[in-house]
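1. sequence unknown, structure follows:
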């Protein structure tokens, strides 16, 4: 069995390796890792997220009550308490070695992501051109510039992404309740690692309320099982919150009600753009601290409410969970205070899957061209152009801290996906 799988892997890898773009992408991606490690350890040792994660592992072991105390870190730790566990082994090593090993681990995860993307796309209707399309887009995933900053910052986005993609593969491939439950747990694990994926939960619903044939015992059970599975890893944090009340207070404060969320930066969320504007206009910090929760709630109700409504009244059912995942990520990126270019590592593979899944339909149905074009243009923008724009705005942050162009592309995606979900099932 293993020998057969190894032989199959070798055959597939040879098909990829025979394409120049894949060779180029693989070598370029490895160079991203090397450059990021060298630059970070030589020039920006104290200016990366891994500095925080490294300390988080120590604090979790030795003084967990102060896990959300900002004075422990360069900048705040915003994740669930159990999300700190993954960093404990690295915190036991010298910082330089820990940073290198963590990024080598990320490199391995990115290679696994390529494999699971290949498997997911293989679930769609096959044709002679599909292999070349797979190789092309998977190569572009490896080329994507956000990988550079993800490695340099020592972030966990690739690990979050693989759990999401693994869950998506299971949802698309298997109908049995036990598999849906397991995939839901994988979504919950990704949320524990990084709460940025939490708004995917409403999009795990497998039925549409406007389709009588969809509202049946099987689909309702499947939806409840998925959501319940997703909540299990999250709920595992609550014993810690109950035993150590300081953790719950700190988690809420650091994520929603504190002053760290008011710092002017180049986040591209709508909430942060509004707060940046109010700060630049001279609003007092005490007033902004009171207003920030209102701002984020209003933005969430508008963006999140519309997104969830569009999904539960959708007419499109085929592979709709792919678009649910994308909407969930887009909503959090538009709503939450801190949305950064390295978070695109989670969104880009989902856009890749969507582009390939609709490519055949798009070739035969003119009214899907706009959806396909927006997906492609957004995909190319996020992998090639977004990071240079961020760099430019970062240099101008003192006079113009508004990183609004990614926001526009996210809104375009949001609208186009909403329109697509409301169309009748396409026929080939």
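-> Thanks, I have it. Treat the numbers as computed from the prediction; the structure is a model and nothing was measured.
2. can you pull out the strands in the chain?
-> For the chain, applying DSSP state E gives no strands.
3. worst-scoring helix or strand of it, pLDDT-wise?
-> Lowest on mean pLDDT, DSSP states H and E among the helices and strands of the chain sits helix 344-364, with a mean of 81.
4. list the helices and strands that helix packs on?
-> helix 95-121, helix 130-143, helix 146-153, helix 157-173, helix 320-335, helix 369-380 (3 or more Cβ pairs under 8 Å, 6 or more residues apart in numbering; DSSP states H and E). From N, CA and C alone the C-beta is placed, and that goes for glycine too.
5. right, so of those, which gets closest to residue 392?
-> Residue 392 lies closest, by Cβ to Cβ, to one member of the helices and strands packed on helix 344-364: helix 146-153, at 14.2 Å.
6. what packs against the closest one?
-> So helix 146-153, by 3+ Cβ pairs under 8 Å, 6+ apart, packs with helix 20-43, helix 95-121, helix 344-364, helix 386-395.
7. recalculate using a threshold of 6 Å.
-> Applying 3 or more Cβ pairs under 6 Å, 6 or more residues apart in numbering; DSSP states H and E, one finds that helix 146-153 contacts helix 20-43, helix 344-364.
8. deepest in the core, which of those helices is it.
-> Ranked by mean neighbour count, the helices and strands packed on helix 146-153 are led by helix 344-364 with a mean of 21 (mean count of other Cβ atoms under 10 Å).
9. so that one versus helix 320-335, what angle?
-> Using axes from the mean of the first three to the mean of the last three Cα atoms, to 10 degrees, the direction of helix 344-364 lies 130 degrees away from that of helix 320-335.
10. before we move on, the earlier item: can I get the helices and strands packed on helix 146-153 in JSON lines including distance to residue 103?
-> What follows is the helices and strands packed on helix 146-153, written out as JSON lines (distance: least, Cβ to Cβ, whole Å):
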{"stretch": "helix 20-43", "distance to residue 103": "6"}
{"stretch": "helix 344-364", "distance to residue 103": "13"}
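11. closest one to residue 13 among the ones you listed?
-> Comparing these under Cβ to Cβ, the one sitting nearest is helix 20-43, at 9.4 Å.
12. count the residues that sit near the nearest residue to residue 228 once chain neighbours are set aside.
-> Closest residue in space to residue 228, ignoring its immediate chain neighbours: residue 184 at 6.7 Å, by Cβ to Cβ, 6 or more residues apart in numbering. Residues near residue 184, counting by other Cβ atoms under 10 Å, number 27.
13. gap between residue 184 and residue 190?
-> 11 Å (Cβ to Cβ, to the nearest Å).
14. any stretches of the stretch 51-200 of the chain with poor pLDDT?
-> Along the stretch 51-200 of the chain, the model assigns pLDDT under 70 to residues 128.
15. same thing but 80
-> For the stretch 51-200 of the chain, the stretches flagged by pLDDT under 80 are 125-129.
16. cool, and the stretch 301-428 of the chain?
-> Scanning the stretch 301-428 of the chain for pLDDT under 80 picks out 358-371, 424-428.
17. change it to 90
-> The model of the stretch 301-428 of the chain has pLDDT under 90 over residues 316-319, 337-338, 356-373, 394-399, 423-428.
18. could you find the closest non-adjacent residue to the residue at minimal distance from the centre of the chain?
-> Computing the C-alpha centroid of the chain and ranking residues by Cα atoms, centre = their mean puts residue 346 first, at 3.0 Å. Spatially, and ignoring its direct neighbours in sequence, residue 346 is nearest to residue 161 (4.8 Å; Cβ to Cβ, 6+ apart).
19. what's the answer for residue 338, then?
-> The shortest distance from residue 338 to any non-neighbouring residue, by Cβ to Cβ, 6+ apart, is to residue 267 (5.2 Å).
20. right, and the one you found touches residue 339 too?
-> Yes. Counting by Cβ atoms under 6 Å, residue 267 does reach residue 339; the two are 5.1 Å apart.
21. find the residue closest to residue 194 in space, skipping its chain neighbours.
-> The shortest distance from residue 194 to any non-neighbouring residue, by Cβ to Cβ, 6+ apart, is to residue 160 (4.7 Å).
22. neighbours around that neighbour, how many?
-> By the criterion of other Cβ under 10 Å, residue 160 has 24 neighbours.
23. so what's it up against?
-> Residue 160 makes contact with 190, 193-194, 346, according to Cβ atoms under 6 Å, 6 or more residues apart in numbering.
24. measure residue 208 to residue 80 for me?
-> Per Cβ to Cβ, residue 208 is found 31 Å from residue 80.
25. from what I see, residue 139 and residue 21 are in contact.
-> Yes. The criterion here is Cβ under 6 Å, and residue 139 meets it with residue 21 at 4.6 Å.
26. for stretch 261-275, the averaged confidence score.
-> Across stretch 261-275, pLDDT averages out at 90.
27. same thing with stretch 207-222?
-> Here stretch 207-222 scores 83 as its mean pLDDT.
28. same question for stretch 238-255.
-> On average, stretch 238-255 scores 93.
29. residues of that stretch that come out buried?
-> Judged by neighbour count (16 or more other Cβ atoms under 10 Å), stretch 238-255 contains these buried residues: 240-241, 247-248, 250-251, 253-255.
30. go on, stretch 41-52?
-> Residues of stretch 41-52 classed as buried: 48-52 (neighbour count, 16+ other Cβ under 10 Å).
31. equivalent analysis for stretch 114-129, please.
-> Neighbour counts using 16+ other Cβ under 10 Å place 114, 116-117, 120-121, 124 of stretch 114-129 among the buried residues.
32. picking that back up, for residue 169, which of the helices and strands packed on helix 146-153 is the nearest?
-> It is, among the helices and strands packed on helix 146-153 and with distance given as Cβ to Cβ, helix 344-364, at 9.8 Å.
33. what angle do helix 386-395 and that closest one make with each other?
-> Going by the same axes, to 10 degrees, helix 344-364 makes 140 degrees with helix 386-395.
34. angle of helix 344-364 against helix 95-121?
-> Calculated by the same axes, to 10 degrees, helix 344-364 forms an angle of 20 degrees with helix 95-121.
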